[in-house]
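[1] Can you look at this prediction? I've put the sequence above it.
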Amino acid sequence: MPAVPPGAPARPRRRARAAVLLAVAPALLAGRPARACGPFYPHSLLSSWSEAPLLSGPHGDLVALLSAAGPGPGPGVVGSRLSPAQAEDQAAATELAALPPAAQTARRDFRRALDQARRGRGPLPDGNSLPADIPEPWRAYLDAAWLHAAGEPEAALAGFLALAARPPAETGSRGLWATYMVARLTGAPAAHAALHARVAAGAPDPLGLSAAALGWEARELWAAGETAAALDRYRRQLLAGDPSARRSLEIRLDEAMDDPARRRAAMAHPAVATALAAWMVTPQPRPDQRAAWLAAPESAAVAAELQAWVAWLARDLPRARAALAAAPPSPLTHWLGARLAMIDGDVDAALAALASARFPPDLAWQCQWGSRMADESGPAAVRPAEEVASERGALLLRSGAHTAAARAFAEAGNWRDTAHVVDRVLTLDELETALDDGLLAALPEDQRPQLQALVARRLTRAGALDRARALHGPAEQAWLDAVVAGQESDTAAGLWEAARLVRAHGMALMGTELEPDVAWLDGSFAFGVARRDEAGLLAPTPDERGRMAAHAPTPDTRFHYRHVAAALAWEAAARMPADDPMAPRVLCTAGRWLMVRDPAAADRFYKAMVWRAWGTPLGTQADQLRWFPPAADCAVTAPPTTAAPPGPWARLVDWLGGDGR
C-alpha cells in the first residue's frame with residue numbers, strides 16, 4: 001500500500017440535497033456506520049428500523065480519547081492555524097513592513113508564480129525579478145525555494161541549510177521555514193529536533209510546520225519498520241491539531257492490526273497502545289480486528305473501561321461483563337452497563353444505569369455515527385449526555401412513562417422524537433401537565449418556538465381553539481380567527497373563505513409535525529417518525545400504538561387539512577342557490593384539492609359539480625373530460641351567495657356524499 005502523505009486531507013465530506021439524503025437514510029442506518037455527515041436528517045431513535053442504535057454503539061471520538069489519556073504532542077509542536085499564504089502574509093506584515101508597496105507586490109507575485117511552477121501549472125519566474133531591497137533572509141529563502149522548484153534539490157538544500165544555521169534573530173520567520181525544509185528534504189532526526197527546538201524556544205509557527213514535520217518523520221519511520229515510533233509521531237501530530245493526522249493515524253493503525261509483528265510493537269508502547277485501544281472503539285475497525293485486539297495479552301494492560309468498551313462493540317459479552325466488573329464506576333461504564341441490561345431484557349436496570357451515566361453536558365465527540373448528521377457549518381457534535389438522555393426517553397416510552405419520555409427527549413435536544421411523543425402519544429391532559437412542568441424550558445432554546453407551534457396545531461386539530469390561539473403566532477391567529485368566523489357565519493361566503501384559508505394555511509394551522517403531514521419539512525417529503533411493529537427495544541408497545549391511533553388527524557392521511565378544507569367548501573356549496581354559477585366552481589376547486597392524492601374522495605365533488613353546472617360550458621367540459629377541468633376554468637371569480645332554503649340539489653349531493661356515491 002502506498003505511504004500516506006502527512007499533508008493529505010481527510011476524506012472529503014460531500015453534501016447532498018435533502019431528497020438524496022432521505023432516500024439513502026435506510027442504507028446508512030442498516031449498514032456499517034458511515035463517516036459522512038450532512039444536514040436535513042436530524043437524529044431520531046424512534047424512527048430506527050430496530051433496536052440497533054441502542055445496542056450497536058456508542059462509538060468514541062479518537063481525538064477526545066487521546067486528548068484525555070495523554071501524553072500530549074510534546075514541546076515544540078504547534079498545529080496549523082493558517083494557510084501557507086496567510087502565514088506568509090502574516091510574517092511579511094511585520095518583517096517586510098518597510099518595503100514600498102510596489103516591492104511588496106513584486107515579492108508576492110514572485111512567490112505565487114513559484115508555487116504555480118512547483119505544481120506544474122506555469123513556468124518558473126525570473127530569479128532576478130525579486131526587488132533589490134528585499135531583506136536578505138527572505139531573498140535567501142526564495143532563492144533556495146526557486147532552486148527546489150527548478151529541480152535542483154542539492155543546491156536548494158545547501159541554501160536552506162545555510163539559512164537554517166544562522167541565529168534565529170537574524171532570519172526571523174524564514175529561518176524556521178528553512179529549518180522545516182531541511183527536515184523535509186533530509187528526514188534526518190537532528191533536523192527534526194532542530195525544528196522543534198526553534199518552536200519550543202518561541203519561534204512563531206502559525207502554519208504548523210512543526211506538526212507537519214511529525215507526519216513526514218512518521219512516514220520515514222514507518223518505512224524503516226519503526227512501528228511504535230511512527231505511530232507515536234502520528235499520535236502527537238493529531239494532538240497538535242494537524243488536520244491531516246487523523247486519517248494518517250487511522251490508516252496506519254488499521255495496517256498495524258493486520259500485521260502481527262507491527263501489532264505487537266504498537267501494543268508494547270504505552271502511548272501507542274492507548275491510541276490503538278482508542279481507535280478500537282471508533283467505527284473503523286473490523287470485527288476480526290477487535291477480536292484480535294481482545295485476544296492479545298497486551299490488551300490486559302489497557303484500562304478496564306476501554307477493554308469493556310471494545311468487548312461490547314465486538315459483542316464479546318462475557319469479556320465485557322468481566323471488564324465492567326473490574327472497572328471503577330464512570331459515566332461510560334454505566335452507559336455500557338445499560339446496554340448489557342437491555343440485552344438481558346431488564347428495562348428497569350437499564351434505566352437505572354442510564355440515570356447514573358452523568359456525562360459533562362459540554363463534552364462533545366466528533367460525529368462518526370451513521371445516524372448522526374451535521375448542520376451546514378460542519379461535522380455534528382455527538383454529546384454523550386444528550387445521547388444518554390435520548391436513550392432514557394426511548395426506554396421510558398416503552399415502559400409507559402410517556403410524560404417522562406417527552407422530558408428526556410427534550411433534554412437531549414432530540415426534536416423528532418420529542419415531537420412524536422408530544423404530537424401523537426401524550427393525551428391533552430398529559431401534555432398540559434408536561435408544559436406546566438417546564439417541558440419548553442427543557443428543550444434547546446432554538447426548538448422552543450417549534451414546540452409551541454406544534455402544540456398550537458395539535459390543539460387546533462382537537463378543537464381546543466381558545467388554547468390553540470394563545471400559542472399560535474400573529475399570522476396564524478388571524479387565519480384561525482377568520483376560519484372560525486367563517487364557520488360561525490354559516491353562510492356560503494363565510495364557509496368558502498374558511499375553506500380557502502384552511503387549504504392555503506392548513507399546514508401552519510393544524511398540520512402534524514411528523515407523519516402524516518410532516519410539517520418539519522413543510523410537507524415537502526413524506527418522511528417522519530415511522531413507528532414499526534417489529535420486535536425489539538424500540539418497537540411501539542400496544543399502548544403507544546393505541547394512543548397514536550387515538551390522536552391521529554382526521555383523516556389520517558398526508559395533507560389531511562385539505563380534506564378539512566374540502567369539507568368546508570362542500571358546506572359552502574350546499575348553502576348556495578341552485579342557479580348560482582359560483583357553486584360548481586366552488587365544488588370544482590375543492591375537488592381539485594383532493595383529486596391527485598385521493599381521487600375517490602374527490603369523486604363526489606366531481607359528480608356534484610357536473611349536476612350543478614349541467615348545460616353550462618363548465619359542466620359540458622367536465623362531462624367530456626370525465627374529470628375536473630383545469631384550475632383556471634374552475635376559479636371562483638365572485639363571492640358565493642347564500643340561498644334561502646336548501647334546494648332539491650342539496651338532497652342529491654347529500655346522497656352522493658353518502659352510501660350512494
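    Now that the structure is in, tell me what you want to look at.
[2] Assign Leu55 to helix, strand or coil.
    Under the three-state scheme (DSSP: H, G, I helix; E, B strand; the rest coil), Leu55 adopts helix.
[3] got it, and Val502?
    Under three-state DSSP, Val502 comes out as helix.
[4] For Glu88, see how far away Arg246 is.
    Arg246 is 26 Å from Glu88, where distance means C-beta to C-beta, to the nearest Å. C-betas here are computed from N, CA, C, even on glycine.
[5] So if I had to pick from those two, which one is more boxed in?
    Glu88 (21 against 17; other C-beta atoms under 10 Å).
[6] Please name the residues that touch the more buried one.
    Listed by C-beta atoms under 8 Å, 6 or more residues apart in numbering, the contact set of Glu88 reads Arg111.
[7] Now do the SS call for it.
    Reduced to three states by three-state DSSP, Glu88 is helix.
[8] From Leu82, how far off is it?
    9 Å.
[9] Now the common contact residues for those two.
    By C-beta under 8 Å, 6+ apart, no residue touches both Glu88 and Leu82.
[10] what helices or strands is the helix or strand hosting Ala482 leaning on?
    Per DSSP states H and E: Ala482 is located in helix 474-489. Secondary-structure packing of helix 474-489 (3 or more C-beta pairs under 8 Å, 6 or more residues apart in numbering; DSSP states H and E): helix 448-462, helix 465-471, helix 492-510.
[11] count of residues packed around Leu431?
    Neighbour tally, Leu431, other C-beta under 10 Å: 23.
[12] residues in contact with it?
    Contacts of Leu431 (C-beta under 8 Å, 6+ apart): Val422, Val455, Arg458.
[13] ok, of those residues, which one's closest to Ala218?
    Val422 (51.9 Å; C-beta to C-beta).
[14] how many neighbours does Pro516 have?
    For Pro516, using other C-beta under 10 Å, the count is 17.
[15] pretty sure it is touching Asp556, no?
    Yes - using C-beta atoms under 8 Å, Pro516 is in contact with Asp556, at 6.1 Å.
[16] pull the CA atoms of stretch 306-326 into PDB?
    Extracted as PDB, the C-alpha positions of stretch 306-326 are listed here (Å, rounded to 0.1, in the frame of the first residue of the first chain):
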ATOM      1  CA  LEU A 306     -11.600   0.600  27.400                       C
ATOM      2  CA  GLN A 307     -11.500  -3.200  27.500                       C
ATOM      3  CA  ALA A 308     -15.100  -3.300  28.300                       C
ATOM      4  CA  TRP A 309     -16.000  -0.800  25.500                       C
ATOM      5  CA  VAL A 310     -14.100  -2.800  22.900                       C
ATOM      6  CA  ALA A 311     -15.600  -6.100  24.100                       C
ATOM      7  CA  TRP A 312     -19.100  -4.600  23.900                       C
ATOM      8  CA  LEU A 313     -18.500  -3.400  20.300                       C
ATOM      9  CA  ALA A 314     -17.100  -6.800  19.500                       C
ATOM     10  CA  ARG A 315     -20.100  -8.500  21.100                       C
ATOM     11  CA  ASP A 316     -17.900 -10.400  23.400                       C
ATOM     12  CA  LEU A 317     -20.400 -10.100  26.200                       C
ATOM     13  CA  PRO A 318     -18.700 -12.300  28.800                       C
ATOM     14  CA  ARG A 319     -15.500 -10.300  28.500                       C
ATOM     15  CA  ALA A 320     -17.500  -7.000  28.500                       C
ATOM     16  CA  ARG A 321     -19.200  -8.000  31.800                       C
ATOM     17  CA  ALA A 322     -15.900  -9.100  33.400                       C
ATOM     18  CA  ALA A 323     -14.200  -5.900  32.400                       C
ATOM     19  CA  LEU A 324     -17.100  -3.700  33.600                       C
ATOM     20  CA  ALA A 325     -16.900  -5.500  37.000                       C
ATOM     21  CA  ALA A 326     -13.200  -4.700  37.300                       C
END
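[17] and it, how far out from the chain's middle?
    Offset of stretch 306-326 from its chain centre (C-alpha atoms, centre = their mean, to the nearest Å): 29 Å.
[18] mind listing the strands for the chain?
    Along the chain, counting by DSSP state E, strands occupy 365-366, 381-382.
[19] contact partners of the first one?
    This means strand 365-366. Gly60, Asp61, Val63, Ala64, Pro379, Ala381, Val382, Arg383, Pro384.
[20] How far does it sit from its chain's centre?
    Per C-alpha atoms, centre = their mean, the centroid offset for strand 365-366 relative to its chain is 12 Å.
[21] For the stretch 51-200 of the chain, which segments are assigned as helices?
    52-56, 62-69, 84-95, 101-118, 136-149, 153-164, 168-171, 173-186, 189-200 (DSSP state H, counting those that start in this stretch).
[22] Next, show the common contact partners of Pro516 and Asp556.
    In contact with both Pro516 and Asp556: no residue, using C-beta under 8 Å, 6+ apart.
[23] Let me have the strands of the chain in JSON lines, adding mean pLDDT as columns.
    Converted to JSON lines, the strands of the chain look like this (pLDDT from 0 to 100):
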{"stretch": "strand 365-366", "mean pLDDT": "82"}
{"stretch": "strand 381-382", "mean pLDDT": "78"}
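[24] To Ala144, which of those lies closest?
    strand 365-366 (38.8 Å).
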